[in-house]
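Asks: Pasting a predicted model and its sequence here:
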Amino acid sequence: MHLSPMHCSIFPNFSMLWQSGNMRVWHPRGVGETEGWSWCFVDRKASPGHRDIVRVHDLQRHGTSGTWEQDDVDNWVQSTMSSRGFVGRQVMQNLSMGINHEIKDPKSIHPDMRGRIAGFQNEINQRNLYGQWARMMKGECPVVPGANA
């Protein structure tokens, strides 16, 4: 099996956008507020010219006036605000994209990795992250697949 991470998170607050050469650390700052720190990464063996191209490209996508990030952030803010509105509170949301599909797939277990992995389009990462967070907020021990109890 070939692993090619796209967007991934490592609990509790580290994320990578692998193809973009971008990594993030998330800092909760209060109810409804999160601060994100972002860094660009590139192979240290790359030429100075290539590193500069990657850096500029990252700024153009993810920087303060980036073409990718800023419109996405506004979409997420607007989605969050509208889900809190009167109409949004009346509608049940389906947040179960692919739920339990990974359990049925024998390829979801990788011999060198703990936990489960899933295919291209799924929400396994988000479900596991928030499940782990909920357990910790209740004072329960985190679930670590493959760890000795």
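Replies: Sure, I can see it.
Asks: For this protein, give me the ranges with low pLDDT.
Replies: By pLDDT under 70, the weakly predicted segments of the chain are 1-6, 115, 118-121, 145-149.
Asks: What are the boundaries of the strands in it?
Replies: 7-10, 14-17, 22-30, 33-40 (DSSP state E).
Asks: Distance to residue 53 added to those strands, as TSV?
Replies: Using the backbone N, CA and C atoms, a C-beta is placed for each residue, glycine as well. Shown next, in TSV, are the strands of the chain (distance: least, Cβ to Cβ, whole Å):
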stretch	distance to residue 53
strand 7-10	22
strand 14-17	17
strand 22-30	14
strand 33-40	11
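Asks: Could you export these as TSV, including mean neighbour count and distance to residue 77?
Replies: Listed next are these as TSV, based on neighbours: other Cβ atoms under 10 Å; distance: least, Cβ to Cβ, whole Å:
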stretch	mean neighbour count	distance to residue 77
strand 7-10	13	19
strand 14-17	16	18
strand 22-30	13	15
strand 33-40	12	11
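Asks: Nearest to residue 117, out of the ones you listed?
Replies: strand 7-10 (9.9 Å; Cβ to Cβ).
Asks: so how far is the closest one off the chain centroid?
Replies: 4 Å (Cα atoms, centre = their mean, to the nearest Å).
Asks: What pairs with it, parallel or antiparallel?
Replies: Pairing partners of strand 7-10, with direction, according to DSSP bridges: strand 14-17 (antiparallel).
Asks: Touching the strand it pairs with from outside, list them.
Replies: 5, 6, 7, 8, 9, 10, 22, 23, 24, 25, 26, 62 (Cβ atoms under 8 Å, 6 or more residues apart in numbering).
Asks: wait, which of these is closest to residue 54?
Replies: residue 22 (9.9 Å).
Asks: That closest one and residue 58 touch, don't they?
Replies: Yes - with contact defined as Cβ atoms under 8 Å, residue 22 reaches residue 58; the gap is 6.0 Å.
Asks: Now for these two: what residues contact both?
Replies: Jointly contacting residue 22 and residue 58 under the rule Cβ under 8 Å, 6+ apart are residue 40.
Asks: show me where the chain has helices.
Replies: With DSSP state H as the criterion, the chain has helices at 48-62, 69-83, 86-90, 101-104, 124-137.
Asks: how about CSV for these, with distance to residue 117 added?
Replies: Shown next, in CSV, are those (distance: least, Cβ to Cβ, whole Å):
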stretch, distance to residue 117
helix 48-62, 25
helix 69-83, 24
helix 86-90, 33
helix 101-104, 7
helix 124-137, 7
